[in-house]
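**Q** Have a look at this fold, sequence not included:
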């Protein structure tokens, strides 16, 4: 009996050994195949580089060829990755650490076109009449059809009091528009607040997520008395610091995940959770969004929506939900690489999708910012090429009456302590948000019954 047990145990051991041997052999084979594929790929790249160096019509150094190859690789990954040459790396440091002259707009790639995400309040771009959703066709007469975001930013940035000419294609306009905009030092107050006349509601406008946003909003809430609800205006907010998006959400969300970051490297996957304090966890909130709401502002609106803490009113947001890091190659050059995507508490992604409002409200008869044009992405390039051709003959150098009206409205409301009924009547999205706050209890009860 013992002999059979020993024999059976030996057979089992032998079987397990054979399985592990088989797995080991399979892994070695896969590794060898992968290594061979890498060698073949590198050989192909080397062969092409050598061929270009030998036969290209103009003299070109090996360093230039490699730089162009790297640049092509990075720009073909996605719209936000890029190769930072020595000059671009310096420009990025200036943008991050120093003061510079600019226009006050955030840009991104939308449907393959260089698009204004949002003009910041009280900046040259906003005063000139640029709008979220405008497609930039030319910068100083140079076509943007094959231009990267970084190159476009570098051209538009420059010494204060110097000018930039932007040629814009705008939905609803029959021809491209020219805007001559004078650069200035961009200093934007990130948070504004006002009482809404005749109510106990507080209107809070967040222009961008700089390092002071959470504390600024908290200060505005603390100094306001008898607040029965707030309207958080994130329209045309291009985003900013992630920690400020999490911090702002912490004021209203008591428990659970606010946003998570996931990529290829598991060690860098992070969940950002509410800190459990949430001093305003029961305050009714309506968030205003539009096509210029992007990145950090999408994280806030999406988190509040997923946690059933706010009603989102307005239009579909931009859809910028990816994470970029700058990885130095050496002391003078680097690559900017997309390494992860943001995911909201429900698990949905923001990237290229954006946030869909609970209540869809367009600012006018013509819907804005859903897509700059009612055509497919595949046809957009041809559309822009046709518009580019038009500019060789004539360009509309004008500022729309709507932009002028918006400028007047901004100047007026900035100088007032309260938002008046006249202001409300001029902003259908704001009016809708106020109506939602007035019906808050009915909406929340209806939502609970529906969930049951």
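**A** Nice, I can see it. All figures in this text were calculated on a predicted structure; none of them were measured in a lab.

**Q** Domain boundaries for the protein, per the record?
**A** Domains of the chain are assigned by automatic domain parsing as 26-70, 82-185, 191-366+420-451.

**Q** show me where the stretch 201-350 of the chain has strands.
**A** In the stretch 201-350 of the chain, the strands defined using DSSP state E, counting those that start in this stretch lie at 201-206, 229-233, 257-263, 270-273, 285-289, 311-314, 322-328, 334-343.

**Q** What does the pLDDT read for the closest residue to residue 232 other than its chain neighbours?
**A** Using Cβ to Cβ, 6 or more residues apart in numbering and skipping the chain neighbours, the partner closest in space to residue 232 is residue 287 (4.8 Å). The way it works is simple: take the backbone N, C-alpha and C, and place the C-beta from them, glycine included. pLDDT, residue 287: 98.

**Q** For residue 237, see how far away residue 287 is.
**A** 10 Å (Cβ to Cβ, to the nearest Å).

**Q** Low-confidence stretches in this protein?
**A** 1-26, 29, 93-100, 364-383, 390-417, 443-452 (pLDDT under 70).

**Q** Is residue 152 part of a helix or strand, or is it coil?
**A** In three-state terms, and counting by DSSP: H, G, I helix; E, B strand; the rest coil, residue 152 is helix.

**Q** okay, now it: neighbour count?
**A** By the criterion of other Cβ atoms under 10 Å, residue 152 has 17 neighbours.

**Q** ok, now the one 10 residues further on?
**A** Counted by other Cβ under 10 Å, the residues lying close to residue 162 total 10.

**Q** what number of residues lie near residue 242?
**A** For residue 242, the count of nearby residues is 18 (other Cβ under 10 Å).

**Q** Please give me every residue in contact with it.
**A** When contacts are counted by Cβ atoms under 8 Å, 6 or more residues apart in numbering, residue 242 is found next to 259, 272, 296, 299.

**Q** tell me which of these is nearest to residue 360?
**A** Nearest to residue 360 among the contacts of residue 242 is residue 299, at 20.6 Å by Cβ to Cβ.

**Q** out of everything not next to it in sequence, what's closest to that closest one?
**A** Residue 299 sits nearest to residue 245 (Cβ to Cβ, 6+ apart), 4.4 Å away.

**Q** ok, now how distant is that neighbour from residue 336?
**A** Per Cβ to Cβ, residue 245 is found 20 Å from residue 336.

**Q** More neighbours: which of those two?
**A** Remark: of residue 245 and residue 336, residue 245 carries more neighbours, 28 against 19, as counted by other Cβ under 10 Å.

**Q** Enumerate every residue touching that one.
**A** Residues in contact with residue 245 (Cβ under 8 Å, 6+ apart) are 209, 239, 258, 259, 296, 297, 299, 300.

**Q** Counting neighbours, what do you get for residue 315?
**A** Applying other Cβ under 10 Å, we find 26 residues neighbouring residue 315.

**Q** Just confirm it contacts residue 290, I think it does.
**A** Yes. Residue 315 lies in contact with residue 290 (Cβ atoms under 8 Å); the separation is 4.5 Å.

**Q** all helices of the stretch 151-300 of the chain, in order?
**A** Counting by DSSP state H, counting those that start in this stretch, the stretch 151-300 of the chain has helices at residues 213-223, 242-250, 296-306.

**Q** now the helices: where do they sit in the stretch 301-450 of the chain?
**A** 377-391, 401-415, 421-425, 428-438, 440-451.

**Q** What helices and strands are in contact with the third one?
**A** Just to be clear, that refers to helix 421-425. The helices and strands touching helix 421-425, judged by 3 or more Cβ pairs under 8 Å, 6 or more residues apart in numbering; DSSP states H and E, are helix 401-415, helix 428-438.

**Q** How about residues contacting the shortest one?
**A** The set of residues that contact helix 428-438 without belonging to it, under Cβ under 8 Å, 6+ apart, is 196, 199, 201, 203, 228-229, 231, 233, 235, 284, 286, 288, 290, 311, 313-314, 359, 361-364, 419, 423-425, 443.

**Q** if you set the cut-off to 7 Å instead, what comes out?
**A** 196, 201, 229, 231, 284, 286, 288, 311, 313-314, 359, 361, 363, 424-425, 443 (Cβ atoms under 7 Å, 6 or more residues apart in numbering).

**Q** What's the ChimeraX line that selects buried ones from these?
**A** Here is the ChimeraX command that selects the buried residues among the contacts of helix 428-438 (16 or more other Cβ atoms under 10 Å):
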select :196,201,229,231,284,286,288,311,313,314,361,363,424,443
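
**Q** just the contacts of helix 428-438 now: which is nearest residue 82?
**A** Distance to residue 82, by Cβ to Cβ, is smallest for residue 314 among those, at 31.1 Å.

**Q** Check the burial of residue 43 by counting its neighbours.
**A** Residue 43 has 10 neighbours, counted by other Cβ under 10 Å.

**Q** That one looks like it's in a helix, true?
**A** Yes. Counting by three-state DSSP, residue 43 is located in a helix.

**Q** Distance-wise, check residue 332 relative to residue 80.
**A** Relative to residue 80, and taking Cβ to Cβ, residue 332 is found at 22 Å.

**Q** Which one's more surrounded, those two?
**A** Applying other Cβ under 10 Å to residue 332 and residue 80 shows that residue 80 carries more neighbours, namely 20 against 12.
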